[in-house]
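[1] Next one to model:
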Amino acid sequence: MCRAVVASSSQSFKNCPTKPVQANFNFTRVGTSGRVRYGGYVWRKPPSPGQDLNPDLQVSGKADKARLVTSWPLFSVQFQGLWYELRRQPNAFEPDSVCVTGDVAVTPQGGLTIVNRWYNTVSSQHVLLNGVLRRANNDSQDGRLIVKFTNTNTDVEYSVLGTDYDNYLVVWSCWASSVVNGVPQYTGYSWVLGRNKVLSQEALDAVSSIETSHNIDRTLYEDTRHDNCPINSSS
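    Below you'll find the model as predicted:
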């Protein structure tokens with residue numbers, strides 16, 4: 001996920017001309033084994049609401065006892081780790097940027113932090129941006145996140161359109177890109193991220209399906225370079 005500068009994240013989404021249907025934190029996919037991946041864990045079948053399940057047994061498929069874990073903690077645990085930005089729709093906040101990554105971590109209190117890093121090829125400078133993630137709506141399981149960038153004290157809203165946690169992540173956001181006659185003009189942007197610098201064909205197909213279902217124009221993407229990344233000796 002990448003930096004944006006907006007006056008108000010809620011205002012930016014409210015005024016977006018087009019808005020993809022929100023995904024849900026209970027992301028689901030079916031693997032080759034025929035089991036269902038639900039909230040980052042593998043099940044023989046999707047759990048029923050209120051089902052009494054043991055998170056320690058979920059991965060092995062023996063999900064039949066103990067307690068249910070809420071969706072947000074499951075999302076947080078599976079969402080953490082390093083993400084490589086692979087493609088982005090051009091925006092004014094990442095010009096000439098390569099080697100873009102986001103490193104997500106779970107805090108002891110159960111929150112999420114992110115450290116964004118990239119290299120600007122024009123200024124020849126490494127950029128580091130710290131942020132704190134939270135749900136946009138605590139009463140909803142939709143895939144909207146608020147990121148507060150502590151360096152700039154800016155809140156930005158992002159929508160997770162789809163992820164399998166292990167390979168790919170598709171993100172969308174919207175903010176005022178310009179002002180015409182005193183009226184902000186809002187534009188939507190999308191990013192594709194991955195756990196690795198190259199996506200498998202299976203992951204590419206999944207990303208393409210997400211883009212199609214959310215009317216994302218993939219022809220607007222530009223690739224994010226990750227070759228010969230300069231080493232930041234200060235990090």
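[2] how's the protein carved up into domains?
    Under automatic domain parsing, the residue ranges defining each domain of the chain are 9-26+86-223, 30-75.
[3] list the helices and strands the longest helix seen in the chain packs on?
    Counting by DSSP state H, the longest helix found in the chain is helix 201-213. Helices and strands touching helix 201-213, by 3 or more C-beta pairs under 8 Å, 6 or more residues apart in numbering; DSSP states H and E, are strand 154-163, strand 168-180, strand 183-194. Quick note: C-beta positions are derived from backbone N, CA and C, even for glycine.
[4] how about it as PDB, C-alpha atoms only?
    Extracted as PDB, the C-alpha positions of helix 201-213 are listed here (Å, rounded to 0.1, in the frame of the first residue of the first chain):
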ATOM      1  CA  GLN A 201       0.200 -17.900 -13.300                       C
ATOM      2  CA  GLU A 202      -2.500 -19.000 -10.800                       C
ATOM      3  CA  ALA A 203      -2.100 -15.800  -8.800                       C
ATOM      4  CA  LEU A 204      -2.100 -13.700 -12.000                       C
ATOM      5  CA  ASP A 205      -5.400 -15.400 -13.000                       C
ATOM      6  CA  ALA A 206      -6.900 -14.700  -9.600                       C
ATOM      7  CA  VAL A 207      -5.800 -11.000  -9.800                       C
ATOM      8  CA  SER A 208      -7.300 -10.700 -13.200                       C
ATOM      9  CA  SER A 209     -10.600 -12.100 -12.000                       C
ATOM     10  CA  ILE A 210     -10.600  -9.600  -9.100                       C
ATOM     11  CA  GLU A 211      -9.900  -6.700 -11.500                       C
ATOM     12  CA  THR A 212     -12.600  -7.700 -13.800                       C
ATOM     13  CA  SER A 213     -15.200  -8.100 -11.100                       C
END
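[5] Which parts of this structure are helices?
    9-14, 55-58, 71-79, 201-213.
[6] if we can go back for a sec, ranking the helices and strands packed on helix 201-213 by mean neighbour count, which comes first?
    strand 154-163 (a mean of 23; mean count of other C-beta atoms under 10 Å).
[7] orientation of it relative to strand 183-194 in degrees?
    Between the axes of strand 154-163 and strand 183-194, defined by axes from the mean of the first three to the mean of the last three C-alpha atoms, to 10 degrees, the angle is 50 degrees.
[8] neighbouring strands for strand 154-163, and are they parallel or not?
    strand 144-149 (antiparallel), strand 168-180 (antiparallel) (DSSP bridges).
[9] got those strands as TSV, with mean pLDDT and distance to Gln78 columns?
    TSV is the format used below for the strands paired with strand 154-163 (pLDDT from 0 to 100; distance: least, C-beta to C-beta, whole Å):
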stretch	mean pLDDT	distance to Gln78
strand 144-149	88	14
strand 168-180	81	11
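[10] Redo these as CSV? Include distance to Asp223.
    What follows is these, written out as CSV (distance: least, C-beta to C-beta, whole Å):
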stretch, distance to Asp223
strand 144-149, 23
strand 168-180, 15
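[11] Setting the sequence-adjacent residues aside, check what's closest to Glu211.
    Computed as C-beta to C-beta, 6 or more residues apart in numbering, the closest residue to Glu211 that is not its neighbour in sequence is Arg218, at 5.1 Å.
[12] I figured that neighbour hits Ile210, correct?
    No: contact criterion C-beta atoms under 8 Å: Arg218 and Ile210 do not qualify, at 10.2 Å.
[13] Which one of these two is surrounded by more residues?
    Shown here are Arg218 and Ile210; by other C-beta atoms under 10 Å, Ile210 has more neighbours (21 against 13).
[14] Perfect, that will be all.
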